[in-house]
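Engineer: missing the sequence, but the structure's below:
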């Protein structure tokens, strides 16, 4: 397994509905995770980023380059 060192923006917020912290990566469609703590959500989404990129590579899809702070706000 190759480790990718991309630096994507991660948005973390509390969801009362889910009773969890939600971590989203706006530049990677559908890439998000959750956790019972802020740090758990961050750790989990870093795993999901890796999985997202590995899946894109295996399917021959392009991997977006990180654009930086709040490009989608």
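Structural biologist: Perfect, thanks for sending it. Owing to the predicted nature of the structure, the values given are computational and were not obtained by experimental measurement. Numbers count the residues shown, from 1 in each chain.
Engineer: Any stretches of this protein with poor pLDDT?
Structural biologist: Along the chain, segments meeting pLDDT under 70 span 1-5, 70-73.
Engineer: How about the residue positioned nearest the centre of it, nearest residue that isn't a chain neighbour?
Structural biologist: By C-alpha atoms, centre = their mean, the chain has its centre lying nearest to residue 25, at 3.8 Å. Excluding its sequence neighbours, the residue lying closest to residue 25 (C-beta to C-beta, 6 or more residues apart in numbering) is residue 31, at 4.1 Å. For glycine as for every other residue, the C-beta is placed from the backbone atoms N, C-alpha and C.
Engineer: Kindly provide the distance from that neighbour to residue 16.
Structural biologist: Residue 31 is 22 Å from residue 16, where distance means C-beta to C-beta, to the nearest Å.
Engineer: Just want to know which of these two has more residues nearby.
Structural biologist: More crowded of residue 31 and residue 16, by other C-beta atoms under 10 Å: residue 31, with 18 against 6.
Engineer: Identify the residues contacting the more buried one.
Structural biologist: The contact partners of residue 31, taken as C-beta atoms under 8 Å, 6 or more residues apart in numbering, are 24, 25, 45, 48, 49, 52.
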